[in-house]
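Q: here is the input, now give the coordinates:
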Amino acid sequence: MDVAPIPKAPLSAVLITRDAERQLERALAPLAFCSEILILDSGSRDRTRAIAAAHGAVWHEHDFEGYGPAKRRAVALASCDWVLSLDADEVLDEQAITALAGIDWAAADPRTCWSLRRRPFVGSREIRHGDWAPDWVVRVFNRRHHTVSADLVHESVTPTGPLRRLDGSLLHFTAADLAAVFRPDYYRLKAVVYRQRGRRAGAPVLALRAAVAFVRSYLVRAGFLDGRAGVVVAVAAAANAVTGLALAASETASVPGSADVDRRPAPEGGRDPR
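A: Numbering: from 1, shown residues only. Predicted coordinates:
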């Protein structure tokens, strides 16, 4: 007796990539329920394209102009109105897949956005506290009503209608190890933003910002409960608070020419790059 295939959700899974072979297989494997997987790449030289092809992904290329602009371009290329926007180091768990596959998309209010609980990992260790504690991020929306902000960094989707939370989690494999949580390329991109805004800071202000960021992550947000990882995350929080500003004084600050998808968004509210 033949078993009827499970119908695909009218959903485009959209990712931006560059040299993402280490993460991409894990990210794409759960997305078979989507009608389309679309990748916008900015110059991969590894097996990223081959991995994408193995999963039937639609492939596009464009020079990197910042995370917000790249994601906006990718969303505009999607064939479905409903979009699932992911980074290449993010993986849907089974509960999230079931929740998304169970939505009645034909009856869904197109103004609705859905958020997922993002759970960060460094290597195989889950980070539960500090600046990298789990948070909720909007990842599903209708592109006729919403898109990603145009910010070079800290890109986001701002709901203008109902916002719902999905069951399940978005597993974020932030870094392969503790050393990889520090991202010079990301700091350079933040420096561009600060320069565009005319923001500068002297040594005393930078020192204070670093101290406040460390204390917030390690003590106020209980990062010490994550052991050694909590210390490193707090140090990364301090680096994120000051490095972009320090680099902003350099006349050489410019947009890095790559969409390094192993990066971590870092909202101004105090979250480190993840």
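Q: switch to C-alpha atoms for all contacts and neighbour counts from now on
A: Fine.
Q: check the gap between Asp63 and Phe173 for me.
A: As defined by CA to CA, to the nearest Å, Asp63 lies at a distance of 25 Å from Phe173.
Q: revised request: answer the last question for Ala106.
A: Separation of Ala106 from Phe173 (CA to CA): 33 Å.
Q: show me the shaky parts of the stretch 51-200 of the chain.
A: The model of the stretch 51-200 of the chain has pLDDT under 70 over residues 177, 179-180, 186, 194.
Q: so what's the residue most central in space within the chain closest to, chain neighbours aside?
A: In the chain, the centroid-proximal residue (CA atoms, centre = their mean) is Asp87; its distance is 4.7 Å. Spatially, and ignoring its direct neighbours in sequence, Asp87 is nearest to Leu15 (5.6 Å; CA to CA, 6 or more residues apart in numbering).
Q: so who does that neighbour touch?
A: By CA atoms under 8 Å, 6 or more residues apart in numbering, the residues touching Leu15 are 38-40, 71, 74, 85-88.
Q: higher neighbour count, Ala106 and Phe173?
A: Shown here are Ala106 and Phe173; by other CA atoms under 10 Å, Phe173 has more neighbours (26 against 9).
Q: so Ala53, which of the three states?
A: Of the three states, Ala53 takes helix under DSSP: H, G, I helix; E, B strand; the rest coil.
Q: what strands line up against the longest strand along the chain, and which way round?
A: In the chain, ranked by residue count with DSSP state E as the criterion, the top strand is strand 163-175. Strand pairing for strand 163-175, determined by DSSP bridges: strand 90-92 (antiparallel), strand 113-122 (parallel).
Q: before we move on, back to that, show me which of the contacts of Leu15 is closest to Ala50.
A: Nearest to Ala50 among the contacts of Leu15 is Ile39, at 11.9 Å by CA to CA.
Q: can you pick out the most distant pair from the contacts of Leu15?
A: By the measure CA to CA, Ala74 and Ala88 form the most distant pair in the contacts of Leu15, at 13.4 Å.
Q: okay, and the common contacts of these two?
A: Residues touching both Ala74 and Ala88 (CA under 8 Å, 6+ apart): 15-16.
Q: more neighbours: which of the two?
A: The residue with more neighbours, out of Ala74 and Ala88, is Ala88; 27 against 23, by other CA under 10 Å.
Q: ok so, going back, could you identify the helix or strand that succeeds the longest strand of the chain?
A: Downstream of strand 163-175, the next assigned helix or strand under DSSP states H and E is helix 184-196.
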